[in-house]
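Undergrad: I would like the atomic coordinates for the input below:
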Amino acid sequence: MKKYFAESELIINSDGSVFHLHITPEQLADKVILVGDPGRVGLVASHFDTKECDVESREFHTITGTFNGKRISVISTGIGCDNIDIVLNEIDALANIDFKTRQEKSTLRHLEIVRIGTCGGLQPFTPEGTFVCSQTSIGFDGLLNFYAGRNAVCDLQLERALIAHLGWTGNMCAPYPYAVDADEELVERIAADDMVRGITIACGGFFGPQGRELRIPLADPHQNEKVESFEYNGRRITNFEMESSALAGLSRLMGHKATTVCMVIANRVAGKANTGYKNQIDDLIRLVLERI
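TA: Numbers count the residues shown, from 1 in each chain. Next up, the predicted model:
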């Protein structure tokens with residue numbers, strides 16, 4: 001018997017659109033680009049050959065159109081894994097739940113999802129301007145721990161090694177990290193031979209969780225040093241950002257292909273940042289549009 005999704009669990013607006021995104025099932029393409037900034041949706045869509053819908057709701061802005069014959073939806077998520085939880089669940093519902101019967105469809109759609117963002121580099125080989133593809137994402141946000149099946153899609157050995165390295169064993173105040181690999185084929189296609197492939201940590205905040213100290217002292221002032229020195233099977237943690245782990249984990253649980261690519265705009269080791277990155281991120285957008 002097919003599972004029925006009650007009105008309180010899947011909220012559908014009176015116009016047939018999903019609650020937060022305000023788009024209908026027909027308006028979602030199988031290829032999806034996610035960006036954090038609603039203003040960046042227009043930048044991505046400026047490369048489209050055609051546009052069929054343009055919908056805005058809160059921080060969520062969606063444009064669906066075509067690029068070189070490929071139908072693509074670009075959607076803004078806002079900042080953080082909590083927003084990724086909203087967007088991923090709603091686009092999966094648009095793709096795989098019949099909004100009339102409120103039941104899972106017999107034939108499921110498998111989406112290709114690439115997040116384009118900015119990040120902080122954590123190694124000497126990830127200076128400002130580097131394009132990093134998240135081959136593996138580690139969540140410091142705890143989101144995937146609320147879903148059944150998380151152990152089946154996570155690298156448990158990597159999690160244990162990192163916990164021991166950070167000194168979080170037995171620390172009930174520290175978030176339990178989850179480590180998820182991005183889709184291998186999608187990484188090969190998107191990263192090609194001109195992006196750094198790395199381990200990305202997605203943090204639950206921009207300041208303290210990423211080791212930035214303003215007026216409040218940090219619980220562990222040496223956390224970033226430990227993160228930067230961590231090595232697992234010859235691989236290092238390359239960058240901090242705030243969304244990749246939820247995208248990788250939820251996509252694996254839902255049966256979608258996903259990865260994150262970011263441009264480094266601040267190198268934490270060098271203590272430098274570049275806020276004038278707008279033109280260079282357009283280069284990254286073009287690469288993703290060509291390869292998705």
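
Undergrad: show me the helices in the stretch 151-292 of the chain, by range?
TA: 156-166, 184-191, 223-229, 244-254, 278-291 (DSSP state H, counting those that start in this stretch).

Undergrad: distance from the chain centre to stretch 14-32, please.
TA: Mean-position distance between stretch 14-32 and its chain equals 19 Å (CA atoms, centre = their mean, to the nearest Å).

Undergrad: before we move on, what about stretch 278-292?
TA: 16 Å.

Undergrad: buried residues, it. List them.
TA: Residues of stretch 278-292 classed as buried: 281, 284-285, 287-289, 292 (neighbour count, 16 or more other CB atoms under 10 Å). All C-beta spots, glycine's among them, are computed from the backbone N, C-alpha and C.

Undergrad: then stretch 21-35?
TA: Neighbour counts over stretch 21-35 (16+ other CB under 10 Å) mark 21-25, 27-29, 31-35 as buried.

Undergrad: again, but for stretch 55-71
TA: Buried residues in stretch 55-71, counting neighbours by 16+ other CB under 10 Å, are found at 55, 57, 59-65, 67, 70.

Undergrad: check the offset of the lowest-mean-pLDDT helix or strand in the chain from the chain's centre.
TA: Least confident helix or strand of the chain, by mean pLDDT, DSSP states H and E, is strand 272-273 with a mean of 74. In terms of CA atoms, centre = their mean, the centre of strand 272-273 is found 23 Å from the chain centre.

Undergrad: for the residue nearest to the spatial centre of the chain, what are its contacts?
TA: Centroid check for the chain by CA atoms, centre = their mean gives residue 244 as the closest residue, at 3.2 Å. Listed by CB atoms under 8 Å, 6 or more residues apart in numbering, the contact partners of residue 244 are 115, 117, 134, 137, 200, 202, 260, 262.

Undergrad: separation between it and residue 251?
TA: Here residue 244 is placed at a distance of 11 Å from residue 251 (CB to CB, to the nearest Å).

Undergrad: just residue 101 next, same as before
TA: Distance from residue 101 to residue 251, counting by CB to CB: 25 Å.

Undergrad: more neighbours: these two, which one.
TA: residue 251 (25 against 11; other CB atoms under 10 Å).

Undergrad: quick one: residues contacting the more buried one.
TA: Neighbour list for residue 251: 88, 111, 113, 183, 257-258 [criterion: CB under 8 Å, 6+ apart].

Undergrad: tell me how many other residues crowd the closest residue to residue 256 other than its chain neighbours.
TA: Sequence neighbours aside, residue 111 is the residue nearest to residue 256 in space, at 4.4 Å (criterion: CB to CB, 6 or more residues apart in numbering). By other CB under 10 Å, 23 other residues sit near residue 111.
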